[in-house]
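Student: Could you look at this predicted model? Sequence included:
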Amino acid sequence: MKRYKAICFDLDDTLYDSSWHYEQGVKATFQTLHPELDAEAAFRLVKERTDQLWPIFEEGTIDLAEYRRLRFVTDPVLNKVFDEKMADAFHAHYMSIASNYIRPFEGLAETMEELTKKHQLAVITNGPADAQWLKMQCLGIDSFIPEDRLFISGIIGAAKPHAAIFHHALNELGVEPHEAIHIGDSYPHDAEGALAVGMDAVWLNRNGSVRDVHPQVRVIRELKELLPLLKAC
Ligand SMILES: [Mg+2]
């Protein structure tokens, strides 16, 4: 593993369970701001809209503020309660409490602590500018990865699997692609994206998904398998 000067990680669903985090944060926000609604049912409506709208946001058709509002105002049930102002208030409250619901995957701190002794660690993440650094702090990994090694698509203007975000990170880290490895849970975004620019890749396949995997991509089921894997490289 000494040959890697830089080890890059995806953030959401690679270092912590983002689905659980989102669900708990949204339900808690409903319970606080809208106790008249059934938080479980309301969450399911928001989740459905989120799944529909997120790809449209990623395409650039709508901006982040619109995405956040449309989750509420385009739903035939929620729009009886929410106007745009209330949708903004919901998001503001969610942001203020969501960090209570971030749980690192098993082995995260030990993995980072060990790897940081010999490698530059970095995070390459698709997401909005305002949430990702806070998540890093809540996960307690900001001591291993400073803010200038957190590469966010919302700031850089290119999202994985686009080569530009990987090239940007590699340039900032001062390493060649073959000197770096990227670990992430999305096969197309993380593994294929990294491979396409000449980095090595580890796919974190937590769900045991079955698919064709490029022979250069190493596969793990849990984050705690990463240290033994990299030691064996
Ligand atoms: Mg991910």
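Tutor: Okay, I see it. Numbers count the residues shown, from 1 in each chain.
Student: Could you list the low-pLDDT ranges of this structure?
Tutor: Applying pLDDT under 70 to the chain flags the ranges 1-2, 233.
Student: what residues go with each domain of it?
Tutor: Split into domains by automatic domain parsing, the chain comes to 6-16+105-232, 19-100.
Student: any idea which of these is most buried?
Tutor: Highest mean neighbour count of the domains of the chain: domain 6-16+105-232, a mean of 18 (counted as mean count of other Cβ atoms under 10 Å). In short, each C-beta sits where N, CA and C put it, glycine included.
Student: got the contact list for the longest helix seen in the chain?
Tutor: The longest helix of the chain (DSSP state H) is helix 39-59. With contact meaning Cβ atoms under 8 Å, 6 or more residues apart in numbering, helix 39-59 is reached by 22-23, 26-28, 30-31, 34, 62-64, 66-67, 70-72, 74-75, 77-78, 126, 159.
Student: where's the nearest residue to residue 192 once chain neighbours are set aside, which helix or strand?
Tutor: Nearest in space to residue 192, with sequence neighbours left out and distances taken as Cβ to Cβ, 6 or more residues apart in numbering, is residue 161 at 5.7 Å. Per DSSP states H and E: residue 161 is located in neither a helix nor a strand.
Student: which ones are touching residue 161?
Tutor: 188, 189, 190, 192, 193, 196.
Student: With respect to residue 91, which of those is nearest?
Tutor: The nearest member of these to residue 91, counting by Cβ to Cβ, is residue 189 at 24.3 Å.
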